[in-house]
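Visitor: quick one, structure for this:
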Amino acid sequence: MTLAAPFLTKTGSGTTLALVRRYFPSVVGPLAVSGAHFLASLLFLRNLDAAEFGIFSFVLVVSGFAMSISGAGLVLPATRSMVSGD
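Guide: Residues are numbered from 1 along each chain as shown. Just a heads-up that it's a prediction; the model follows:
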């Protein structure tokens, strides 16, 4: 038996439901952002010329990168601080 996923050693639908409840909020946020970006890209693809759509695409990439940096540099330390009680 491997120690990589000890939470999967239990059987039954209760374990699966607990995993879904635990990780669902973490998945919904990025999924919603990606879906909104995809729909905005389709909308602007039809209405903008190539140069304007290129600028829009660049802004989408930069905003995603900025959100990642924000999550790593702000959210993670804040969460650790709350857990440790500082």
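
Visitor: just the pLDDT for the most centrally placed residue in the chain.
Guide: Centroid-nearest residue in the chain: residue 30, 2.8 Å away (criterion: C-alpha atoms, centre = their mean). Listed pLDDT for residue 30 reads 83.

Visitor: lowest confidence element among the helices and strands of the protein?
Guide: helix 76-84 (a mean of 81; mean pLDDT, DSSP states H and E).

Visitor: give me phi/psi at residue 49?
Guide: Main-chain torsions, residue 49, degrees, to the nearest 10: phi -80, psi 180.

Visitor: still on that earlier bit, and the least confident helix or strand of the chain, how far out from the chain middle?
Guide: Counting by C-alpha atoms, centre = their mean, to the nearest Å, helix 76-84 is centred 19 Å from the centre of its parent chain.

Visitor: for residue 54, see how far away residue 25 is.
Guide: Separation of residue 25 from residue 54 (C-beta to C-beta, to the nearest Å) stands at 34 Å. Every residue, glycine included, has its C-beta placed from N, CA and C.

Visitor: likewise for residue 60?
Guide: Taken as C-beta to C-beta, the span from residue 60 to residue 54 is 11 Å.

Visitor: and these two? Which one has more around it.
Guide: For residue 60 versus residue 54, neighbours defined as other C-beta atoms under 10 Å are more numerous around residue 60 (15 against 11).

Visitor: quick one: the more buried one and residue 39 touch, right?
Guide: No - Residue 60 lies out of contact with residue 39 (C-beta atoms under 8 Å); the separation is 11.8 Å.

Visitor: quick revisit: tell me the secondary structure for the residue nearest to the centre of the chain?
Guide: helix (DSSP: H, G, I helix; E, B strand; the rest coil).

Visitor: what's the separation between it and residue 21?
Guide: Residue 30 is 18 Å from residue 21, by C-beta to C-beta.

Visitor: residue 54 too?
Guide: Distance from residue 54 to residue 21, by C-beta to C-beta: 42 Å.
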